[in-house]
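J.: coords please:
(4 chains)
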Protein chains: 2
Amino acid sequence: MPEYIQPLVTVDSVLFTVVEDNLKVLLVQRSIEPFIDSWSLPGGFVDPAIDSTTEDTASRKLAAKAGIHPNYLEQLQTFSGANRDPRGFAITVAYFALIAHQQTSTHVETVHDAEWIDYDDIEHLDMAFDHKLIIKTAYERLQQKALYSMLPVFCLPELFTISQLKQVIEAIIGKEVQRKSLIRRIEKSEMFTETDSKVATGKRQAQLYTLKPDANIFHFERNMSL
Amino acid sequence: MPEYIQPLVTVDSVLFTVVEDNLKVLLVQRSIEPFIDSWSLPGGFVDPAIDSTTEDTASRKLAAKAGIHPNYLEQLQTFSGANRDPRGFAITVAYFALIAHQQTSTHVETVHDAEWIDYDDIEHLDMAFDHKLIIKTAYERLQQKALYSMLPVFCLPELFTISQLKQVIEAIIGKEVQRKSLIRRIEKSEMFTETDSKVATGKRQAQLYTLKPDANIFHFERNMSL
DNA sequence: GGAATAGTGTCTGTAAGACAGTATATC
DNA sequence: GATATACTGTCTTACAGACACTATTCC
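T.: Numbers count the residues shown, from 1 in each chain, chains lettered A, B, ... in the order given. Here you go, the predicted model:
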């Protein structure tokens, strides 16, 4: 066992969603020092009595602060340093998560003090700790993964159309993609089933797809170009 | 500040090298409980008085336990859990690192109790904590990166030939690669300079390459196939 | 029919895989 | 010259990008 003081350990999550054409991040306004009233990521201290891993902490805090159970949650990176937190050497295990805005909107806006903020506006915001850096790191990871996998489907509800998928991907990577390329990738990945229902959002009715229950995230051998 | 007990925080590194055709990992034999006499990864507790980040802890421990300053060091992942360590809820920030065996061999074998173990032998070894899992995770990351970047150069000395690079890549990914593909990638990446010296290892003399001083790791848009 | 959205056919471009062919060294 | 290693030329293959074309629905 170490003789010296152990670092503080917190867990924070960068939860993304896409609304219309905009990538958004869930933030909460701090009610305690340090950085009172600044925006920060939803998170908190690990409680070894409840959490069996830090992933549990991440889930628990997202549920508590915004009533959200994300479709996708993965560990991002751990941030550490002597000067990140005025209280001393601090370690933050950061997670990144995805959800469909359809699964969340009412809950977040009414009951809690959490808010969806446009990713592009975060740059100019007053953010606690190094949370701006954490969000930027999470975004870069999400963007990269969007280029070689179908991860963005986790920003969609259970049933979705190719146009919806196209829209979330474009919001994430910030560039138009070819519908044809998407269709080829949907087939290649074998992650989805065409349902027998269609939906009329625009003019012609669109085929609805759904993620196979046991689907693994397929990694394509080539990236889409940025 | 949290009222409850904070988790234990350690830092461990998975240091790889390639000797001949074999991928090796640096392990140390534990001299204290728990898991006394089992093999484990080189690492230890964060000391906030010395380390300004957990990366510093990783470097410091590699230097102390094996006198090694790796060519490459990146954060791998953080492992956490209530049952990983008999002493309580424990968090391990794991790093993965690369070095050329030419830069290390004498030091490790004589002065310290650290030892290079064949990656393929680790499966059957008596390993402390969940270090087997950590090593497997590190290997998967290294293998993936070898498919879309020139990361394996960090397993080579300053001057190296294409054949040497081919050899380390093949040891890492476990498959032959086309020499031609490598040459194309070396050019495309613009990470290297052809030196004006050549070396005679086999029959015809081979061109020596070296990493540019300010080189960033280039990410290719396509993976090599496994 | 016109307009808007959904979906297909197919050509081009790029980079990896395969492999034959050439070059340079040692004996 | 024989052989082994280093290096080049070039054909094939896979898949993303581009974009014209067809299909279906609403008005």
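J.: When you work out contacts or count neighbours from here on, use the C-alpha atoms and nothing else.
T.: OK.
J.: now for the lengthiest strand in chain A, which elements pack on it?
T.: The strand that spans the most residues within chain A, counting by DSSP state E, is strand A:8-19. Where contact means 3 or more Cα pairs under 8 Å, 6 or more residues apart in numbering or on different chains; DSSP states H and E, strand A:8-19 is packed against strand A:22-29, strand A:43-45, helix A:54-66, strand A:90-98, helix A:131-148, helix A:162-173.
J.: Take the ones you listed and lay them out in a markdown table including mean neighbour count.
T.: Shown next, in a markdown table, are the helices and strands packed on strand A:8-19 (neighbours: other Cα atoms under 10 Å in any protein chain shown):
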| stretch | mean neighbour count |
| --- | --- |
| strand A:22-29 | 21 |
| strand A:43-45 | 22 |
| helix A:54-66 | 21 |
| strand A:90-98 | 24 |
| helix A:131-148 | 18 |
| helix A:162-173 | 20 |
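J.: Can you lay out the ones you listed as TSV showing distance to A:D12?
T.: Shown next, in TSV, are those (distance: least, Cα to Cα, whole Å):
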stretch	distance to A:D12
strand A:22-29	11
strand A:43-45	4
helix A:54-66	6
strand A:90-98	5
helix A:131-148	9
helix A:162-173	21
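J.: Skip ahead from the least confident helix or strand in chain A by mean pLDDT and say which helix or strand is next.
T.: When each helix and strand of chain A is scored by mean pLDDT, DSSP states H and E, helix A:105-111 comes last, with a mean of 59. Using DSSP states H and E, the helix or strand that follows helix A:105-111 towards the C-terminus is strand A:114-118.
J.: Pairing partners for that next one, with directions?
T.: strand A:22-29 (antiparallel) (DSSP bridges).
J.: any idea how far A:H69 is from the closest residue to A:Q205 other than its chain neighbours?
T.: Nearest residue to A:Q205 in three dimensions, chain neighbours excluded: A:V199, at 5.1 Å (Cα to Cα, 6 or more residues apart in numbering or on different chains). Going from A:V199 to A:H69 by Cα to Cα, to the nearest Å gives 26 Å.
J.: Contacts for stretch A:30-39, please.
T.: A:L27, A:V28, A:Q29, A:S40, A:P86, A:L125, A:D126, A:M127, A:A128, A:F129 (Cα atoms under 8 Å, 6 or more residues apart in numbering or on different chains).
J.: one step back: turn the helices and strands packed on strand A:8-19 into a markdown table, including mean pLDDT.
T.: A markdown table is the format used below for these (pLDDT from 0 to 100):
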| stretch | mean pLDDT |
| --- | --- |
| strand A:22-29 | 96 |
| strand A:43-45 | 94 |
| helix A:54-66 | 95 |
| strand A:90-98 | 97 |
| helix A:131-148 | 98 |
| helix A:162-173 | 97 |
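J.: what's the closest of those to DNA strand D?
T.: With Cα to the nearest atom of the strand, the closest approach to DNA strand D among the helices and strands packed on strand A:8-19 belongs to helix A:131-148: 7.8 Å.
J.: what distance separates that closest one from the centre of its chain?
T.: Its chain's C-alpha centre and that of helix A:131-148 lie 9 Å apart, by Cα atoms, centre = their mean, to the nearest Å.
J.: by contact count, what packs against whatever helix or strand comes next after it?
T.: Going down the chain from helix A:131-148, the next helix or strand is strand A:159-160, by DSSP H and E. Helices and strands touching strand A:159-160, as assessed by 3+ Cα pairs under 8 Å, 6+ apart, comprise strand A:206-211.
J.: quick one: is the strand it packs on near DNA strand C?
T.: Yes - counting by Cα under 7 Å from any atom of the strand, DNA strand C has neighbours in strand A:206-211: A:A206, A:Q207, A:L208.
J.: Is there any residue in that strand that contacts DNA strand D?
T.: No - using Cα under 7 Å from any atom of the strand, we find that strand A:206-211 stays clear of DNA strand D, coming within 8.3 Å at best.
J.: one step back: Serialize the residues of strand A:206-211 next to DNA strand C to a markdown table and add fields for distance to A:V177, pLDDT and neighbour count.
T.: As requested, the residues of strand A:206-211 next to DNA strand C are exported to a markdown table (distance: Cα to Cα, whole Å; pLDDT from 0 to 100; neighbours: other Cα atoms under 10 Å in any protein chain shown):
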| residue | distance to A:V177 | pLDDT | neighbour count |
| --- | --- | --- | --- |
| A:A206 | 18 | 93 | 16 |
| A:Q207 | 19 | 94 | 17 |
| A:L208 | 19 | 95 | 18 |
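J.: Can you show me the CA trace of stretch A:118-132 as CSV?
T.: C-alpha atoms of stretch A:118-132 as CSV (Å, rounded to 0.1, in the frame of the first residue of the first chain):
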residue,chain,number,x,y,z
ASP,A,118,-24.5,22.5,-29.7
TYR,A,119,-21.0,21.0,-30.1
ASP,A,120,-19.9,24.1,-32.1
ASP,A,121,-20.9,26.4,-29.3
ILE,A,122,-18.8,24.7,-26.6
GLU,A,123,-15.7,26.5,-27.7
HIS,A,124,-17.0,29.8,-26.5
LEU,A,125,-18.5,28.4,-23.2
ASP,A,126,-17.3,28.8,-19.7
MET,A,127,-16.4,25.2,-18.9
ALA,A,128,-15.1,23.7,-15.6
PHE,A,129,-11.8,21.9,-15.2
ASP,A,130,-10.3,20.6,-18.6
HIS,A,131,-13.8,19.5,-19.7
LYS,A,132,-13.4,21.3,-23.0
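J.: Now it: buried residues?
T.: A:D118, A:Y119, A:I122, A:M127, A:A128, A:F129, A:H131, A:K132 (16 or more other Cα atoms under 10 Å in any protein chain shown).
J.: Also stretch A:182-196?
T.: Buried-residue list, stretch A:182-196, by 16+ other Cα under 10 Å: A:L182, A:R185, A:I186, A:S189, A:M191, A:F192.
J.: Tell me the residues on chain A that lie near DNA strand D, please.
T.: A:177-181, A:184-185, A:200, A:203-205, A:220-226.
J.: Of the residues you listed, which count as buried by neighbour count?
T.: Applying 16+ other Cα under 10 Å to these flags A:V177, A:R185, A:F220, A:N223, A:M224 as buried.
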